[in-house]
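> need coordinates for the following:
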Amino acid sequence: MSAPAPRTRRPVTAAEQRADVWLAAALLLGAVLSSALGAVAGFYGTENPGIEWSLLYAFALTAPLALRRRFPEIVAVVVAAAFFVGVSQRIPEVYVGNIAVFIAMYTVGAWVDDRRRAAVVRIVIICGMFAWLLVTMFQSATSPTEEGLSRAGLFSPFVAFMLMQLLVNAAFFGGAYYMGDRAHAAALERAALEQRTAELEREREVTAAQAVALDRVRIARELHDVVAHHVSAMGVQAGAARAVLDRDPAAARESLLSVEVSARSALTDLRHLLETLRGPGDDTVNESTVRLDGLADLVSHAQENGLPTTFTAVGDPVELPVVVQVNLFRIAQEALTNARRHGGPQARADVRLRYDADLVELEISDTGRASAAAVVRPGLGIVGMRERAAASGGTIEIGPRARGGFLVRTRVPLRVSAAA
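Here you go, the predicted structure:
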């Protein structure tokens with residue numbers, strides 16, 4: 001389950017703080033220059049406040065912008081107030097003030113996470129500015145002077161200029177409001193994307209670690225099944241050779257030949273397994289050469305190595321996925337290996353493969369000694385059989401039989417096999 005989308009922006013970085021300081025410094029220089037040029041150009045006539053007031057106004061207008069992302073609401077109020085005082089006192093600066101007010105308004109919308117407070121601060125400033133504009137328009141309209149634009153007619157040049165003032169201010173403040181909101185929304189989307197990217201990266205690392213663990217388990221299971229089967233047979237034949245070495249050298253020779261054959265088979269299987277692991281395929285199990293049609297050879301090998309075993313197939317064979325066939329074969333192989341190792345000299349085994357309408361069942365039973373400890377504290381072989389049954393989508397029963405011996409029974413539903 002992914003984390004909820006962030007509702008707050010990330011904190012201001014040191015680089016952004018430095019950028020704001022440089023912006024404030026650049027605007028301060030621009031405001032001083034604009035004030036000086038405005039005084040020379042006579043924007044408000046010949047009567048202008050002293051240069052010291054222009055410098056103070058420029059500083060009050062631009063210096064707060066150095067902290068605009070840390071305290072956006074305070075900066076917006078201070079800049080708006082400085083702009084109101086400066087224009088009211090006819091300080092001849094007409095460009096940088098508008099830029100500073102726009103940036104302050106935009107910053108409130110872009111950086112205040114409390115959206116209600118951000119809206120209230122901006123609406124209050126906008127209402128104050130429009131109230132001020134309406135007052136000045138009313139004063140201009142009721143002024144008795146005949147200077148300036150003509151006021152004659154219903155839609156006089158003076159009225160057109162006033163409407164233009166309203167439209168420009170509406171576009172100015174509306175643009176700052178909209179762009180600030182869009183910047184905040186884009187920042188949240190970017191934060192959500194970064195959060196999701198981090199989650200996906202963590203999930204990828206976990207998935208990779210799980211894949212490595214599964215591969216290690218699968219390789220360990222394959223190695224155990226291959227090595228244990230052949231080494232167990234080699235142990236039985238070597239023991240038989242040692243027992244008859246003095247009185248029947250020929251029989252001992254035959255047993256040693258069987259040891260040699262088992263060793264060569266083990267090396268062949270190991271070589272095939274290692275070649276499969278080095279190959280480009282993703283599924284090492286699917287590359288195995290063992291199939292269910294090899295159960296008869298597996299039973300013959302068990303008989304040749306001292307475990308009398310019978311094999312019975314019941315029902316019409318059904319084509320099963322390779323992974324299911326490999327797992328069932330390895331379960332039978334491990335069960336016969338355990339019977340040969342732990343069942344005792346009088347043990348016999350029986351392998352039955354039954355195809356039913358909706359499942360395939362593999363049963364390996366023996367008449368040897370049964371150890372309950374093997375089920376309570378299972379070794380790698382029993383653990384591997386359970387893993388193979390689960391990987392095939394089936395179930396497995398492992399344990400002593402009531403009438404003696406040991407039983408391994410695996411059932412795999414055919415519908416699960418088809419899905420696999």
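
> centre of the chain to stretch 234-242, how far?
55 Å (CA atoms, centre = their mean, to the nearest Å).

> flag every buried residue along it.
234, 236, 237, 238, 240, 241 (16 or more other CB atoms under 10 Å). All C-beta atoms are positioned from the backbone trio N, CA, C, and that covers glycine.

> output that stretch as CSV, nothing but the C-alphas.
The C-alpha trace of stretch 234-242 is given here as CSV (Å, rounded to 0.1, in the frame of the first residue of the first chain):
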residue,chain,number,x,y,z
MET,A,234,27.3,-44.5,-4.1
GLY,A,235,27.3,-45.0,-0.3
VAL,A,236,25.1,-48.1,-0.5
GLN,A,237,27.3,-49.6,-3.3
ALA,A,238,30.5,-48.7,-1.5
GLY,A,239,29.3,-50.3,1.7
ALA,A,240,28.3,-53.5,-0.2
ALA,A,241,31.7,-53.6,-1.9
ARG,A,242,33.5,-53.3,1.5
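
> outside of it, which residues touch it?
251-253, 255-256, 258-259, 262-263, 266, 305-306, 340-341 (CB atoms under 8 Å, 6 or more residues apart in numbering).

> and these, which is closest to residue 362?
residue 340 (17.7 Å; CB to CB).

> quickly note the distance from that closest one to residue 351.
13 Å (CB to CB, to the nearest Å).

> and what of residue 367?
Applying CB to CB to residue 367 and residue 351 gives a distance of 13 Å.

> these two: which has the busier surroundings?
residue 351 (23 against 19; other CB atoms under 10 Å).

> excluding sequence neighbours, find me the nearest residue to the more buried one.
residue 311 (4.7 Å; CB to CB, 6 or more residues apart in numbering).

> wait, that neighbour touches residue 295, no?
Yes - Residue 311 lies in contact with residue 295 (CB atoms under 8 Å); the separation is 6.1 Å.

> can you map out the helices along the chain?
14-41, 51-62, 72-88, 96-111, 115-142, 157-244, 249-278, 295-304, 322-342, 373-376, 380-391, 414-419 (DSSP state H).

> which residues does the residue nearest to residue 351 contact?
295, 296, 299, 350, 351, 352, 353.

> quick check on the residues you listed: which are buried?
Here the buried ones among the contacts of residue 311, as counted with 16+ other CB under 10 Å, turn out to be 295, 299, 350, 351, 352, 353.

> what would those residues look like in TSV with distance to residue 212 and pLDDT?
TSV is the format used below for the buried ones among the contacts of residue 311 (distance: CB to CB, whole Å; pLDDT from 0 to 100):
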residue	distance to residue 212	pLDDT
295	33	90
299	36	90
350	39	93
351	35	94
352	37	94
353	34	94
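
> and the furthest pair within the residues you listed?
That would be 295 and 350, which, of those, are the farthest apart (CB to CB) at 12.1 Å.

> what number of residues lie near residue 50?
Neighbour number of residue 50 under other CB under 10 Å is 9.

> which one of the buried ones among the contacts of residue 311 is nearest residue 116?
Distances from residue 116 to these, taken by CB to CB, are shortest for residue 353, at 72.5 Å.

> so how many other residues sit close to the closest residue to residue 76 other than its chain neighbours?
Leaving out its chain neighbours, the residue that sits closest to residue 76 by CB to CB, 6+ apart is residue 104, at 4.1 Å. By the criterion of other CB under 10 Å, residue 104 has 29 neighbours.

> pretty sure residue 104 is in contact with residue 75, am I right?
Yes - shown here, residue 104 and residue 75 form a contact pair, counting by CB under 8 Å, at 5.5 Å.

> which neighbours do the two have in common?
64, 65, 68.

> kindly reformat those residues as a markdown table and extend each row with distance to residue 218.
Listed next are these as a markdown table, based on distance: CB to CB, whole Å:
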| residue | distance to residue 218 |
| --- | --- |
| 64 | 65 |
| 65 | 63 |
| 68 | 59 |
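
> any buried residues in stretch 175-187, and which?
Buried residues in stretch 175-187 (16+ other CB under 10 Å): 176, 177, 180, 181, 183, 184, 187.

> only alpha carbons, please: show that stretch as PDB.
What follows is stretch 175-187, C-alpha atoms only, in PDB (Å, rounded to 0.1, in the frame of the first residue of the first chain):
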ATOM      1  CA  GLY A 175      -2.400  36.400 -12.800                       C
ATOM      2  CA  ALA A 176      -0.300  36.400  -9.600                       C
ATOM      3  CA  TYR A 177      -3.100  34.500  -7.800                       C
ATOM      4  CA  TYR A 178      -3.500  31.900 -10.500                       C
ATOM      5  CA  MET A 179       0.200  31.300 -11.200                       C
ATOM      6  CA  GLY A 180       0.900  30.900  -7.400                       C
ATOM      7  CA  ASP A 181      -1.800  28.300  -7.100                       C
ATOM      8  CA  ARG A 182      -0.600  26.400 -10.200                       C
ATOM      9  CA  ALA A 183       3.000  26.500  -8.800                       C
ATOM     10  CA  HIS A 184       1.900  25.000  -5.500                       C
ATOM     11  CA  ALA A 185      -0.100  22.300  -7.200                       C
ATOM     12  CA  ALA A 186       2.800  21.500  -9.500                       C
ATOM     13  CA  ALA A 187       5.100  21.300  -6.500                       C
END
